[in-house]
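Q: Just the structure for this:
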Amino acid sequence: MVGSLFDNQSHISPVAIAIPAFTFLCLVAVWGERLMVRGGMYESAAGLKVVNGFGTTLLPWDSITRFERSPAWPTSRVLVVRATGRRTAIVGTAQGARITWDGGETRDIVGELNGRLALWTGEHT
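A: The predicted structure follows:
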């Protein structure tokens, strides 16, 4: 891109190249910033909402079998195992990292989530 800006042989105005290129870079920066702010996991009485840069997945409590640490790299990734056997990664959570929320803090997020699932299951069975 920089070469094209300084190349006079292409007969394309450097401004015509720079404006779309910098617009694209700005859009990527805004998308990345928004992802960092919104991405993660949100808990409600209905279930968990997993938000990432490509969409939102609602996981009702009754469709979750357990939470586990990823067996493949990166092993700190937290997975939701659904009743169907499908595994979904939770963006913004990592086993062993310090995770804080209203009223708590943990480094064992898998154990915490399995505990919350057991509480929900105990109340609804």
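Q: helices or strands next to the lengthiest strand in the chain in the packing?
A: If you go by DSSP state E, the chain has its longest strand at strand 87-94. Packed against strand 87-94 by the contact rule (3 or more CB pairs under 8 Å, 6 or more residues apart in numbering; DSSP states H and E) you find strand 40-43, strand 47-52, strand 77-82. Quick note: C-beta positions are derived from backbone N, CA and C, even for glycine.
Q: Now the element after that strand, going C-ward?
A: strand 99-101 (DSSP states H and E).
Q: Which neighbours in the sheet does that next one have, and how are they oriented?
A: Here strand 99-101 is paired, per DSSP bridges, with strand 104-106 (antiparallel).
Q: What mean pLDDT does the strand it pairs with get?
A: Across strand 104-106, pLDDT averages out at 84.
Q: next one: the next helix or strand after it to chain centre, how far?
A: Moving toward the C-terminus from strand 104-106, the next helix or strand (DSSP H and E) is helix 109-123. Its chain's average C-alpha position is 21 Å from that of helix 109-123, according to CA atoms, centre = their mean, to the nearest Å.
Q: now swap in stretch 81-92 and tell me
A: Chain-centre distance of stretch 81-92: 12 Å, with CA atoms, centre = their mean.
Q: Buried residues in that stretch, which are they?
A: 88, 90-92 (16 or more other CB atoms under 10 Å).
Q: Residue 107 is in contact with residue 93, isn't it?
A: No: taking CB atoms under 8 Å as the definition, residue 107 is not a contact partner of residue 93, at 11.4 Å.
Q: between those two, which one's more packed in?
A: Regarding residue 107 and residue 93, a neighbour count based on other CB atoms under 10 Å identifies residue 93 as having more, with 20 against 12.
Q: where's that one relative to residue 43, distance?
A: For residue 93, the distance to residue 43 (CB to CB, to the nearest Å) stands at 12 Å.
Q: confidence score at the residue nearest the centre of the chain?
A: Residue closest to the average C-alpha location in the chain (CA atoms, centre = their mean): residue 91, at 2.7 Å. pLDDT recorded at residue 91 is 74.
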